[in-house]
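Novice: Structure, please.
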Amino acid sequence: MKKLTLSMIAAVLTSTFTMAHADTLRMECPSTPGGKEYCKYVKNRFEAAHPGNTLQFIDLPPASDEKLALLQQLFASNDENAVDLFQSDTVWIGLLDKHTLDLTDHVADIKKDFFPGAWQNDMVNGRVKAVPSYLDAGALYYRKDLLEKYNEKPPATWEDLTRIATRIQKAERDAGHSNFWGLIFQGKSYEGLTCNALEWIDSHNGGSFIDSDGKVTINNPQAAKALDMAAAWIGKIAPPGVLGYKEEESRAVFQNGDALFMRNWPYAYVLSQGDDSALKGKVGVMSLPKGEGGKSVSALGGWQWSINAATKHPETAIALLRMVSDTESQKMAQKLLGYSPTRVALYDDKEVLGRAPYLAEFKQIFADAAPRPATQTKGQYARVSNAIYNATFDVLRGRTDGKKAVAALQQRLNRIKGKQWH
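Specialist: As a prediction, the model looks like this:
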């Protein structure tokens with residue numbers, strides 16, 4: 001019988017230890033083009049850095065509402081094997097608070113590397129419950145060629161925008177472009193209108209409907225003024241049909257050359273510069289205008305990395321989250337998936353800007369991003385947003401004015417809250 005050496009015994013013990021402590025993690029794989037290639041990169045890198053551990057992938061529904069419904073079912077069943085690491089929508093962090101791992105003590109050292117608004121969005125009651133994965137935020141698109149033609153500069157304020165849009169709209173129509181409009185935005189009664197309303201109101205120092213402590217703050221003169229401003233656009237510089245526009249309807253009008261300004265998300269810039277776009281090379285993008293005495297505000301969108309609170313392997317899951325959140329992984333996600341990074345430094349990175357030079361234009365836009373009042377309102381956010389966009393819609397279509405709308409909305413939101421948000 002072969003005699004065991006000390007080195008052989010050590011090898012056996014090491015192998016046994018590794019197998020005993022080997023973890024199998026399950027991570028959501030993006031369903032978008034490039035997702036499989038990105039997940040292969042993550043798997044190879046993670047398993048090389050953590051020998052003995054295995055990374056598997058699951059597919060979740062691409063539609064946000066379907067994905068949330070499935071996640072809630074999984075959490076209700078306490079299925080610890082369902083998923084370890086997944087992406088949460090910006091407005092889910094408060095809703096999923098009880099089902100996601102507290103990351104506060106594990107990510108404090110990287111907080112400074114991320115855009116502040118995105119990081120703040122992922123905190124519930126002072127605890128970090130997710131880490132920003134990729135960003136979205138409202139932006140103002142404009143026709144560079146037309147501003148140059150009429151010797152105008154991009155608007156710094158909403159007042160500037162209204163004046164410039166009125167002037168150029170008239171001039172273009174007088175020149176024969178009869179269906180030309182000054183401004184396009186998302187005016188349909190849905191979540192997108194909540195985002196627009198937040199931008200108008202907060203940029204006028206009217207607050208964000210509900211403050212970070214959960215107090216309803218919408219009933220104020222600045223908020224009323226902002227809503228009245230937007231209502232005055234309808235039929236003058238914005239088409240009456242804007243009350244039925246979502247993102248794609250807005251983009252279609254703008255990209256067809258029938259509008260001077262458009263509020264939309266970053267995806268619209270990439271499409272406007274496509275080879276099939278009539279506006280290629282003619283579109284500029286900037287932070288949204290500010291209100292009188294206010295600041296530029298962009299509604300925050302995007303997705304966040306979250307860990308299932310029921311995971312059997314919290315330490316390994318945290319290591320995976322930190323890896324997919326680091327600089328190298330975010331650069332790969334931008335390359336393969338087109339994701340806008342959440343790390344501020346990558347907006348000055350030569351490799352990133354070499355692939356996507358337009359991202360330089362979005363650095364300030366993402367810095368201006370403000371979260372919707374979702375985290376603090378938790379499971380009641382859907383009702384909160386519904387109240388906000390319906391109240392805003394009533395002002396836009398002339399059924400009420402700003403002052404009456406914000407007073408009624410204050411009462412409505414307080415009724416939804418009851419004693420506390422839950």
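Novice: quick one, what contacts the residue lying closest to Asn220 once chain neighbours are set aside?
Specialist: Beyond its immediate neighbours in the sequence, the residue positioned closest to Asn220 (C-beta to C-beta, 6 or more residues apart in numbering) is Gly206, lying 5.7 Å away. Where you see a C-beta, it was placed from the backbone N, CA and C, and this is true even at glycine. Contacts here follow C-beta atoms under 8 Å, 6 or more residues apart in numbering; on that basis Gly206 touches Ile218, Asn220, Gln222, Ala223, Ala224, Lys225, Ala226, Gly291.
Novice: Emit the PyMOL select command for whichever of those are buried.
Specialist: In PyMOL, this line selects whichever of the contacts of Gly206 come out buried by 16 or more other C-beta atoms under 10 Å:
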select buried, resi 218+220+222+223+224+225+226+291
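Novice: Among the contacts of Gly206, which ones are in helices?
Specialist: Filtering the contacts of Gly206 for membership in helices, criterion DSSP state H, returns Gln222, Ala223, Ala224, Lys225, Ala226.
Novice: any idea how far the fourth one is from Arg412?
Specialist: When distances are taken as C-beta to C-beta, to the nearest Å, Lys225 and Arg412 turn out to be 20 Å apart.
Novice: Name the spans of this protein whose pLDDT lies under the cut-off.
Specialist: For the chain, the stretches flagged by pLDDT under 70 are 1-21.
Novice: Which parts of this structure belong to which domain?
Specialist: 25-136+300-370, 139-299+375-417 (automatic domain parsing).
Novice: ends of the shortest one, how far apart?
Specialist: Between the opening and closing residues of domain 25-136+300-370 there is a gap of 33 Å (C-alpha to C-alpha, to the nearest Å).
Novice: what distance separates that domain from the centre of its chain?
Specialist: Distance, stretch centre to chain centre, for domain 25-136+300-370: 12 Å (C-alpha atoms, centre = their mean, to the nearest Å).
Novice: Going along the chain, name the strands of the stretch 301-422 of the chain.
Specialist: If you assign secondary structure with DSSP state E, counting those that start in this stretch, the strands in the stretch 301-422 of the chain sit at 369-370.
Novice: Now stretch 396-407: buried residues?
Specialist: By neighbour count on 16+ other C-beta under 10 Å, the buried set for stretch 396-407 is Leu396, Thr400, Gly402, Lys403, Ala405, Val406.
Novice: same check, this time on stretch 272-284
Specialist: Going by neighbour count (16+ other C-beta under 10 Å), the buried part of stretch 272-284 is Ser272, Ser277, Leu279, Lys282, Val283.
Novice: can you check stretch 180-197 too?
Specialist: Residues 180-189, 191-197 are the ones in stretch 180-197 that count as buried (16+ other C-beta under 10 Å).
Novice: Distance of the closest residue to Lys280 other than its chain neighbours relative to Phe261?
Specialist: In this structure, Lys280 finds its nearest non-sequential neighbour in Gln273, 5.4 Å apart by C-beta to C-beta, 6+ apart. Per C-beta to C-beta, Gln273 is found 17 Å from Phe261.
Novice: Let me see the contact set for Cys195.
Specialist: With contacts defined as C-beta under 8 Å, 6+ apart, Cys195 is in contact with Gly138, Gln186, Ala299, Gly301, Arg372.
Novice: Check Val283 too.
Specialist: Tyr141, Tyr142, Arg143, Lys144, Tyr269, Ser272, Gln273.
Novice: Look up how far Val107 lies from it.
Specialist: Val283 sits 37 Å away from Val107, going by C-beta to C-beta.
Novice: and what of Ala408?
Specialist: Note on Ala408: its distance to Val107, by C-beta to C-beta, is 41 Å.
Novice: How about the spatially most central residue of the chain, nearest residue that isn't a chain neighbour?
Specialist: Closest residue to the average C-alpha location of the chain: Gly301 at 1.2 Å, with C-alpha atoms, centre = their mean. Excluding the flanking residues, the one nearest Gly301 by C-beta to C-beta, 6+ apart is Asp136, at 3.1 Å.
Novice: isn't there a strand covering that neighbour?
Specialist: Yes. Assessed by DSSP: H, G, I helix; E, B strand; the rest coil, Asp136 belongs to a strand.
Novice: Please report the distance of it from Asn44.
Specialist: Asp136 sits at a distance of 28 Å from Asn44 (criterion: C-beta to C-beta).
Novice: Which one's more surrounded, those two?
Specialist: Asp136 (23 against 11; other C-beta atoms under 10 Å).
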